[in-house]
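Q: Sequence and predicted structure, then a few things I'm wondering about:
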Amino acid sequence: MHLGIIMDGNGRWATRLGRSRGAGHRAGAAMVRRIVEAAPDLGIGVLTLFAFSADNWRRPAAEVAWLMRLFREYLRGETERCVANGVRLEVIGRRDRIGPALQRAIETAYRKTAAGTRLHLRIALDYSSRDAILRAAQCLSPEAAPTRDAFSRLLAIADHGTPVPDVDLLIRTGGERRLSDFLLWEAAYAELLFTPLMWPEFGPEALREAIADFSTRQRRFGALPEAAAG
Ligand code: FPP
């Protein structure tokens, strides 16, 4: 199962508690750790987390710098734990606008976790789904007529990842109900779940409930329900 999560609400969660937005992001990073730990036992094979969108550069410089530091700390601090837990870590998105220290941390995490088979963890950083589709399209020759599957593989590779199956379930925390340029191609038939919980409040129990809800959904992929199809 491929699960995508738009981790929204760190700032509002912190503000409600009278804390800084930076503290909210730190709590968000702690929740990432717990969800990554819980995911494999819930049947999740691929987990794509939206950590920083290409549009998030428009936030105040201090908040952006804080987030970049958190990502670096996360990668440096979690790589060994990922190796021990069989987690293969990839970062998808643009690389040319992030600092060299973070780039090095990404490369090290890739190399060290490459053999992980329990969970394929993809962190989307400086990510835009529409830009990723454009980049993949630019790799095609004018005569190329790729199948959807071939284009999906190209899309992952053009964004520094490796091929993944389509998204099955897409969760957005924080009460908003939009996709915000996340996995637009890959989530064509994803089940959507929007929760009012802020990301730092979304623990393994909420994930368990989300998976239980997902398992009750009837996925038809455009066909008729089985009973009606005869
Ligand atoms: C959106 O919530 C969240 C982000 C832009 C950052 C997501 C980052 C994390 C969850 C922490 C670190 C992640 C990793 C992978 C280590 P928001 O802050 O915009 O919330 P708001 O809408 O309440 O202001």
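A: The structure has been received and is ready for your questions.

Q: Show the model's pLDDT score for the most centrally placed residue in the chain.
A: By C-alpha atoms, centre = their mean, the chain has its centre lying nearest to L49, at 1.9 Å. As predicted, L49 sits at a pLDDT of 98.

Q: Longest helix in this structure, please.
A: When the chain is parsed with DSSP state H, its longest helix is helix 61-85.

Q: Which residues does that one contact?
A: 21-22, 25-26, 29, 32-33, 36-37, 40, 51-52, 56-57, 87-89, 91, 98-99, 101-102, 105-106, 108-109, 112-113, 116, 118-119, 121, 123, 125 (C-beta atoms under 8 Å, 6 or more residues apart in numbering). C-beta: built from backbone N, CA, C; applies to glycine.

Q: who's in contact with the residue of the chain found nearest the ligand?
A: Nearest to the ligand, among the residues of the chain, is G11, at 2.6 Å (C-beta to the nearest ligand atom). G11 makes contacts with 21, 24-25, as judged by C-beta under 8 Å, 6+ apart.

Q: Now for this structure, the helix or strand with the poorest mean pLDDT.
A: In the chain, no helix or strand scores lower on mean pLDDT, DSSP states H and E than helix 226-229, which sits at a mean of 67.

Q: what sits against the residue nearest to G93 when sequence neighbours are not counted?
A: Leaving out its chain neighbours, the residue that sits closest to G93 by C-beta to C-beta, 6 or more residues apart in numbering is Y127, at 3.5 Å. Contact analysis of Y127 by C-beta under 8 Å, 6+ apart lists 50-54, 92-94, 159, 181-182.

Q: bridging residues for Y127?
A: Per DSSP bridges, the residues bridged to Y127 are S53.

Q: distance of it from S53?
A: Distance of Y127 to S53, computed by C-beta to C-beta, to the nearest Å: 6 Å.

Q: what is in contact with those two at once?
A: Contacts common to Y127 and S53, judged by C-beta under 8 Å, 6+ apart, are 181-182.

Q: just so I have it, where are all the helices in the protein?
A: 10-16, 21-38, 61-85, 100-113, 129-138, 148-158, 204-216, 226-229.

Q: lowest-confidence stretch among these?
A: helix 226-229 - the lowest mean pLDDT of the helices of the chain, at a mean of 67.

Q: Close to the ligand: what parts of this protein are there?
A: 7-12, 24-25, 28-29, 32, 49, 51-52, 56, 67, 70-71, 74, 123, 174, 199 (C-beta under 6 Å from any ligand atom).

Q: Kindly recompute the last result at 5 Å.
A: 7-12, 25, 28-29, 32, 51, 70, 74, 123 (C-beta under 5 Å from any ligand atom).

Q: W199: what's it in contact with?
A: 7-10, 13, 28, 31, 173-174.

Q: related to what we said a few turns ago, could you check how far the residue nearest to the centre of the chain is from R177?
A: 19 Å.
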